[in-house]
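Enquirer: can't give you the sequence, but here's the structure:
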């Protein structure tokens, strides 16, 4: 659980900077930040499950 | 190059010197570039994230990179992460001077959050590079 929370924290901080930088209006920034956050979390979970089944 | 393109190139405004000053300040103290531009919200959010990310990385037991840790050709392997770490500006320099986050401690490396800490420290520097670029663009009048 701690790993997931740390990943969410990382995603939140990166998405704040990306969101503030990337768009022009506050609404666009919010939407872009939420989208980036969701992408980080979803892709992180997908990669975690893929790596779980790979027997290194 | 057609005539209209040539005219456009000729009318490009030169970058003001103050923009470089803002960029250097933004690198040295995260958030200060936007503060100089009176962009309070951006300074708080972008600078705040860099500071938070850096101190969380240290609290997790993360390790920063310099050229003293590698041996032989592996010294060069330290350069990319060192460049990322150096993005934190004064935070990196002060930590280096005080030897905080640079010592090779096996106990610290055994912590569950050690690799997370490394990543947070790297990301703090990289996010600050983005902050510098944003402050520079605003100071140069390329964005609002």
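Expert: Perfect, thanks for sending it. All values reported here derive from a predicted model rather than from experimental measurement.

Enquirer: Point out where chain A drops to low pLDDT.
Expert: Chain A contains residues with pLDDT under 70 at A:1.

Enquirer: That one: helices as residue ranges?
Expert: Secondary structure of chain A (DSSP state H): helices at A:2-22, A:26-53.

Enquirer: Could you dump those helices into TSV and include mean neighbour count and distance to residue B:100?
Expert: All C-beta atoms are positioned from the backbone trio N, CA, C, and that covers glycine. Putting the helices of chain A into TSV (neighbours: other C-beta atoms under 10 Å in any protein chain shown; distance: least, C-beta to C-beta, whole Å) gives the following:
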stretch	mean neighbour count	distance to residue B:100
helix A:2-22	17	21
helix A:26-53	13	28
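
Enquirer: can you tell which of these is closest to residue B:42?
Expert: helix A:2-22 (5.9 Å; C-beta to C-beta).

Enquirer: by contact count, what packs against that closest one?
Expert: Under the contact criterion of 3 or more C-beta pairs under 8 Å, 6 or more residues apart in numbering or on different chains; DSSP states H and E, helix A:2-22 touches helix A:26-53, helix B:48-59, helix B:114-139.

Enquirer: Identify the residues contacting the most centrally placed residue in chain B.
Expert: Residue closest to the mean C-alpha point of chain B, counted by C-alpha atoms, centre = their mean, is residue B:87 at 2.4 Å. Counting by C-beta atoms under 8 Å, 6 or more residues apart in numbering or on different chains, residue B:87 touches B:27, B:124, B:125, B:126, B:127, B:128, B:129, B:132.

Enquirer: Residue B:131 too?
Expert: By C-beta under 8 Å, 6+ apart, the contact list for residue B:131 reads A:17, B:26, B:30, B:31, B:33, B:34, B:46, B:47, B:50.

Enquirer: follow-up on the earlier one: quick one: pLDDT of the closest residue to the residue nearest to the centre of chain B other than its chain neighbours?
Expert: Distances taken as C-beta to C-beta, 6 or more residues apart in numbering or on different chains place residue B:125 nearest to residue B:87, at 2.9 Å, with adjacent residues excluded. We have a pLDDT of 96 for residue B:125.

Enquirer: again, but for residue B:5
Expert: At residue B:5, pLDDT is 59.
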